[in-house]
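Participant: sharing a model prediction with you, sequence too.
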Amino acid sequence: MKTLLQNFLSRQRKGISRSPNPPFLRKHRRASISGFTLLELLVASFIAALMVVTLLSFLLGVLDSDRKETAKSNAQEELQAAISYIADDLQEATYIYGADALAAINDQLPHRQGIADGGTLSTECNANNGCTPVLVFWKRYYYDPSSTRSYTNATSGSQILGCMPYKDNPTSVPPTTALTNCTSSNAATNPYQVPYGMANYTNSLVAYYLKSDANLNSSTWSNTARILRWELKDGYVWYCSTGGSISDTSGNCPTSTAVNRAGAAATGTPLTITPVTSTLITSTVQQDRSGYFIVPDKGFLRISFTGTGTLSSQASAFKKFDYYDFNTNPFVALVDFMDDTQYQTNQGGGSNAAGTGSTAVASAGINVPIGKNITISGVTTTTNPDCDDPSVGVGNPNPLSASNLTGAVTQRVPADFSSTASTVTNPSNLSSFYACVAPESVTARVYLRGNALARLGVPLSNRTPTSTNTPFFPVVDVRAFGRSAIGIKQ
């Protein structure tokens, strides 16, 4: 056994010595071939690429979702801000035009100037630009006595409004310092240290329009649709703090600041205001004999609600005194990105029957819950049963009907979404801004609809409302009540 073991070890030593690869070479070879094979590298690269694509797709999805949610949120917030502003404005309303009365004064409104008459066209809004008047109303306008304004008479400079009726008279015995005291901050001469003058309330005519901006090609606006606001204000009528008139010779009245509505100062001995005659109102002679500290806006004409008949019948008689000046009274954009989807009957709102919200087709993506105004035998005015419903309209405890011909009227404005000619109710051909109005009780329910897809830059052809994308077309509504009163006739 010992001999066999020795022979085996001897052969092993001989084999090692004859090997062509010494141990240090074998070790080097093992080091040189360590690492990944080409197949392993390809598999790893594929897995890494798959993970990057997956993560990138997820990131892009998150960013796109965030962009869409931001667009919807911004659309909702801007609509809410706009409708809150409109509601606050309507709270000062003394009369809101319904569809019938609005049709009666349509040619007197600014979007028709230059089309219905010879006046200057507005570059922002006229019938050719697709402007639909929706809310037109009279409201109180407040001349704040503590604010400072310029006199219309340029030579008189500016003054605190509440102090305009006052005048110092150094020639009286003893001399008076009414104007100085009014403007003084000295507690001895002005204990309350505020202007003496009273708050002055006048009237203004306000109009809200839905304007289609199709083909506008503007770099400022979205080229969808906007709500525009326009206002025409009365002036600050001249009066004297002592009760004197323009012809006062005592020196206690600020007669030098008085002008007529054309801006001409009082003339003659004694001083008189030259009446200004309207060149547009030809049915009767219409003159303004008032004197002013601040003249009315061009075209403004006071209407009286103290006559016989309903408020609507009296408001329908409004005519502008002169051509409007769009430099002084421009159209001001309230909110952009209103829905510019053209009106179709499948959106609802095209039936004369009550409860017409059910006529909207789900695939239309739009539901107009207020149907068209209806006529009732025996009365000359139209009314709207849907607007009588407090769940979608203004609510009406005493609705006009065939069995109640003395009931109160409610109307939708625009009266007919399909009437798109320039002389009728809806030149814009849109339904994203409309209202239910109770003219005699000065109440309105306003609906606004925005378009969040337009904020994402989606082309018009690809942003049609459907049953699956309605969240991108937010709708807000509000019921507003006018708190002013000019003669309750209902």
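Facilitator: Happy to help now that I have it. Remember, predicted model here, so these are calculated numbers, not experimental data.

Participant: pretty sure Asn200 is in contact with Tyr236, am I right?
Facilitator: Yes: between Asn200 and Tyr236 there is a contact at 6.1 Å, judged by C-beta atoms under 8 Å. C-betas here are computed from N, CA, C, even on glycine.

Participant: overlap of the contact sets of those two?
Facilitator: Shared contacts of Asn200 and Tyr236 (C-beta atoms under 8 Å, 6 or more residues apart in numbering): Tyr143, Leu161.

Participant: A strand includes Thr308, no?
Facilitator: No: with DSSP: H, G, I helix; E, B strand; the rest coil as the criterion, Thr308 is assigned coil and is not in a strand.

Participant: any idea how far it lies from Gln314?
Facilitator: Distance of Thr308 to Gln314, computed by C-beta to C-beta, to the nearest Å: 8 Å.

Participant: which one of these two is surrounded by more residues?
Facilitator: Using other C-beta atoms under 10 Å as the criterion, Thr308 and Gln314 rank with Gln314 on top: 20 against 7.

Participant: surely that one is within a helix?
Facilitator: Yes: checked against three-state DSSP, Gln314 lies within a helix.

Participant: which residues touch it?
Facilitator: Applying C-beta under 8 Å, 6+ apart to Gln314 gives the contacts Ile303, Ser304, Phe305, Gly307.

Participant: now it: how far from Ser172?
Facilitator: According to C-beta to C-beta, Gln314 and Ser172 sit 45 Å apart.

Participant: identify each buried residue in stretch 311-328, please.
Facilitator: Using 16 or more other C-beta atoms under 10 Å as the test for burial, stretch 311-328 gives 311-316, 318-324, 326.

Participant: oh, that last question was meant for stretch 204-220, not what I typed.
Facilitator: Ser204, Leu205, Val206, Ala207, Tyr208, Tyr209, Leu210, Lys211, Ser212, Asp213, Ala214, Leu216.

Participant: what bridges to Thr272?
Facilitator: Legend: beta-bridge partners of Thr272 under DSSP bridges are Thr267.

Participant: restricting to C-alpha, output stretch 386-403 in CSV.
Facilitator: Taking Å, rounded to 0.1, in the frame of the first residue of the first chain, the C-alpha atoms of stretch 386-403 are listed here in CSV:
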residue,chain,number,x,y,z
ASP,A,386,-89.4,77.0,-15.8
CYS,A,387,-88.3,80.3,-14.5
ASP,A,388,-91.3,80.1,-12.0
ASP,A,389,-89.7,76.9,-10.6
PRO,A,390,-87.4,77.9,-7.6
SER,A,391,-85.2,74.8,-8.2
VAL,A,392,-84.0,76.1,-11.6
GLY,A,393,-85.5,79.6,-11.9
VAL,A,394,-86.2,82.6,-9.7
GLY,A,395,-89.3,81.1,-8.0
ASN,A,396,-92.6,82.7,-8.4
PRO,A,397,-95.4,82.4,-5.8
ASN,A,398,-97.9,84.0,-8.0
PRO,A,399,-97.2,82.9,-11.6
LEU,A,400,-99.0,84.3,-14.6
SER,A,401,-101.1,81.6,-16.2
ALA,A,402,-104.3,81.1,-18.2
SER,A,403,-106.2,80.9,-15.0
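
Participant: buried stuff in that stretch?
Facilitator: Asp386, Cys387, Asp388, Asp389, Val392, Gly393, Val394, Gly395, Asn396, Pro399, Leu400.

Participant: the first one contacts Gly393, doesn't it?
Facilitator: Yes: under the contact definition of C-beta under 8 Å, Asp386 touches Gly393, with a separation of 5.6 Å.

Participant: okay, and the common contacts of these two?
Facilitator: Ile370, Cys436.

Participant: for the residue positioned nearest the centre of the chain, which non-adjacent residue is spatially closest?
Facilitator: By C-alpha atoms, centre = their mean, the chain has its centre lying nearest to Leu334, at 3.4 Å. Computed as C-beta to C-beta, 6 or more residues apart in numbering, the closest residue to Leu334 that is not its neighbour in sequence is Ile227, at 4.5 Å.

Participant: that neighbour: which element?
Facilitator: Using DSSP states H and E, the element containing Ile227 is strand 225-233.

Participant: ok now that strand, how far from the chain's centre?
Facilitator: Relative to its parent chain, strand 225-233 has a centroid offset of 7 Å by C-alpha atoms, centre = their mean, to the nearest Å.

Participant: what does stretch 454-461 give?
Facilitator: Chain-centre distance of stretch 454-461: 21 Å, with C-alpha atoms, centre = their mean.

Participant: against which helices or strands is the helix ranked longest in the chain packed?
Facilitator: If each helix of the chain is counted by residues according to DSSP state H, the longest one is helix 38-91. Applying 3 or more C-beta pairs under 8 Å, 6 or more residues apart in numbering; DSSP states H and E, one finds that helix 38-91 contacts strand 131-143, strand 332-335, strand 443-449, helix 452-455, strand 475-481.

Participant: of all those, which lies closest to Ala154?
Facilitator: strand 131-143 (19.3 Å; C-beta to C-beta).

Participant: helices or strands next to that closest one in the packing?
Facilitator: helix 38-91, strand 93-96, strand 200-212, strand 411-413, strand 433-438.

Participant: what's the closest of the ones you listed to Ile160?
Facilitator: Closest approach to Ile160 among the helices and strands packed on strand 131-143 (C-beta to C-beta): strand 200-212, 12.2 Å.

Participant: chain center to the closest one, what's the gap?
Facilitator: On C-alpha atoms, centre = their mean, the centre of strand 200-212 falls 11 Å from that of its chain.

Participant: next one: stretch 441-460
Facilitator: Taking mean C-alpha positions (C-alpha atoms, centre = their mean), stretch 441-460 and its chain are 10 Å apart.

Participant: cool, and stretch 145-164?
Facilitator: Relative to the chain's own centre, stretch 145-164 is displaced by 31 Å; criterion: C-alpha atoms, centre = their mean.

Participant: any idea how far Lys319 is from Ser250?
Facilitator: Counting by C-beta to C-beta, the separation of Ser250 from Lys319 is 39 Å.

Participant: and Ser312, by the same measure?
Facilitator: Taking C-beta to C-beta, one finds Ser312 at 16 Å from Lys319.

Participant: check Val237 too.
Facilitator: For Val237, the distance to Lys319 - C-beta to C-beta - is 20 Å.

Participant: repeat that for Ser484.
Facilitator: Going from Ser484 to Lys319 by C-beta to C-beta gives 23 Å.

Participant: which element, helix or strand, includes the nearest residue to Cys163 once chain neighbours are set aside?
Facilitator: Leaving aside its chain neighbours, Cys163 sits nearest to Cys182 (3.9 Å; criterion: C-beta to C-beta, 6+ apart). Applying DSSP H and E as the criterion places Cys182 in helix 178-183.

Participant: going by neighbour count, which residues in that helix are buried?
Facilitator: Applying 16+ other C-beta under 10 Å to helix 178-183 flags Ala178, Leu179, Asn181, Cys182, Thr183 as buried.

Participant: just send those residues back as JSON lines, with pLDDT and distance to Val53 too.
Facilitator: Formatted as JSON lines, the buried residues of helix 178-183 follow (pLDDT from 0 to 100; distance: C-beta to C-beta, whole Å):
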{"residue": "Ala178", "pLDDT": "87", "distance to Val53": "83"}
{"residue": "Leu179", "pLDDT": "90", "distance to Val53": "80"}
{"residue": "Asn181", "pLDDT": "85", "distance to Val53": "81"}
{"residue": "Cys182", "pLDDT": "85", "distance to Val53": "77"}
{"residue": "Thr183", "pLDDT": "84", "distance to Val53": "75"}
